[in-house]
Each structure stands twice: as C-alpha cells, then as structure tokens.
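**Student:** here's my sequence, what's the structure:
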Amino acid sequence: MAIAMFYHLTRSTPQSTMATILPRAIAAGWRVMLRGTDPAALERLDLALWTDDDASFLPHGLAGGPHDADQPILLGAGPIGNAAQGLMLIDGAITTPEEAAALERVWVLFDGADEAALAGARRLWTGLTGAGLAAQYWSEDGGRWEKKTEKAARQG
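**Tutor:** Okay, the predicted model is just below:
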C-alpha cells in the first residue's frame with residue numbers, strides 16, 4: 001500500500017534530501033522515478049549526480065534515452081518509464097491518486113519559503129488523502145527531520 005511522504009524543506013536543499021532518501025530506496029531494491037517540472041533543472045541534477053565519489057554515486061539516467069526502462073533512478077518530467085516502486089516529486093511536479101496507489105512510496109519535496117510550493121503541496125495532500133492514501137508530513141524546523149502529522153490509509 002502506498003504512502004505519500006511530504007518533506008517541507010526549510011533548511012535542507014532538495015538535492016541533500018534526495019541524497020538521504022534515494023540510497024535507502026535503492027538498498028530496498030526499488031526503482032525510483034524522480035519527476036520534476038523543469039527540464040533544465042533535471043539536466044543539472046543529472047550532471048550533479050555523476051560524481052567521482054563512489055560512496056555517494058546514485059545509478060540513474062535522464063529520461064529520453066534508450067535505456068529508460070533499465071534505470072534504477074530515472075529523472076524526467078513525464079510518466080514513469082522504469083517500472084518504479086517509488087516516485088519522488090520536486091519543483092511542483094504532481095501525481096494522481098491512481099498513479100500513487102500503485103507505488104510503494106511517493107516523496108514530495110517542497111520549498112517551505114515558496115508560497116506556491118506550499119499551496120501545491122497542500123492540494124496534493126488533500127487529493128491523495130481524499131482518495132484514501134496514507135500520508136505523512138515531515139518538517140525540519142528543529143534542525144532535523146520530524147514527523148509532524150500522519151493520515152492513515154482509508155480502507156475500502
């Protein structure tokens with residue numbers, strides 16, 4: 001059963017938060033679709049993820065290549081193209097309750113200083129929980145991630 005985890009970024013960058021979440025997903029054997037809204041930002045992220053430091057390397061590819069289906073982490077703006085169990089949403093990207101319900105996890109990273117991002121995250125929370133999906137809201141106000149609220153999945 002899917003759970004949507006909302007990360008209200010006030011201190012961390014999306015990239016540092018990804019660096020915490022994505023290795024755990026890969027270690028669990030999941031594929032992840034990382035969906036954004038800005039192709040140029042996704043290209044910058046793709047370049048940033050190619051590092052010489054083997055300890056921080058995340059196997060990934062940018063959507064639109066011949067091996068999309070094989071990528072453990074696929075970066076793109078469109079539909080899931082790698083049979084992912086997890087979907088990470090950045091830069092205001094969205095999902096539907098139907099898409100989310102078929103996954104193990106949805107991570108929503110949003111900028112706490114951006115009113116439009118906050119409003120978008122609230123709409124997505126309302127849409128997903130209204131459709132019966134479980135959700136958690138995480139904040140880093142105290143300097144570390146803390147679960148602030150949780151809504152259980154609705155059965156039936």
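**Student:** tally of neighbours for residue 64?
**Tutor:** Counted with other C-beta atoms under 10 Å, the neighbours of residue 64 add up to 13. All C-beta atoms are positioned from the backbone trio N, CA, C, and that covers glycine.
**Student:** Three-state assignment for it, please.
**Tutor:** Taken by DSSP: H, G, I helix; E, B strand; the rest coil, the conformation at residue 64 corresponds to coil.
**Student:** make sure it is actually in contact with residue 76.
**Tutor:** Yes - at 7.2 Å, residue 64 counts as touching residue 76 under the criterion of C-beta atoms under 8 Å.
**Student:** what do the two both touch?
**Tutor:** Counting by C-beta atoms under 8 Å, 6 or more residues apart in numbering, residue 64 and residue 76 have no contacts in common.
**Student:** buried set for whichever helix or strand residue 126 is part of?
**Tutor:** Per DSSP states H and E, residue 126 falls inside helix 115-130. Within helix 115-130, the residues that qualify as buried by neighbour count (16 or more other C-beta atoms under 10 Å) are 117, 120-121, 124-125, 127-129.
**Student:** now swap in stretch 66-74 and tell me
**Tutor:** Using 16+ other C-beta under 10 Å as the test for burial, stretch 66-74 gives 68, 71-74.
**Student:** tell me how far it lies from the chain's centre.
**Tutor:** Centroid separation between stretch 66-74 and its chain, computed with C-alpha atoms, centre = their mean, to the nearest Å, is 16 Å.
**Student:** show me where the chain has its helices.
**Tutor:** Remark: helices assigned in the chain by DSSP state H are 14-27, 39-49, 97-101, 115-130.
**Student:** what's the angle from the helix or strand bottoming out on mean pLDDT in the chain to helix 14-27?
**Tutor:** Averaged element by element with mean pLDDT, DSSP states H and E, the chain has its least confident helix or strand at helix 39-49 (a mean of 88). Angle, helix 39-49 to helix 14-27, by axes from the mean of the first three to the mean of the last three C-alpha atoms, to 10 degrees: 60 degrees.
**Student:** output helix 39-49 as PDB, restricted to C-alpha atoms.
**Tutor:** The C-alpha trace of helix 39-49 is given here as PDB (Å, rounded to 0.1, in the frame of the first residue of the first chain):
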ATOM      1  CA  PRO A  39      13.900  20.000 -18.000                       C
ATOM      2  CA  ALA A  40      16.900  22.300 -17.500                       C
ATOM      3  CA  ALA A  41      16.900  21.700 -13.700                       C
ATOM      4  CA  LEU A  42      16.600  17.900 -14.300                       C
ATOM      5  CA  GLU A  43      19.700  18.100 -16.600                       C
ATOM      6  CA  ARG A  44      21.600  20.000 -13.900                       C
ATOM      7  CA  LEU A  45      20.600  17.400 -11.400                       C
ATOM      8  CA  ASP A  46      21.700  14.600 -13.800                       C
ATOM      9  CA  LEU A  47      25.100  16.200 -14.000                       C
ATOM     10  CA  ALA A  48      25.400  16.700 -10.300                       C
ATOM     11  CA  LEU A  49      24.600  13.000  -9.600                       C
END
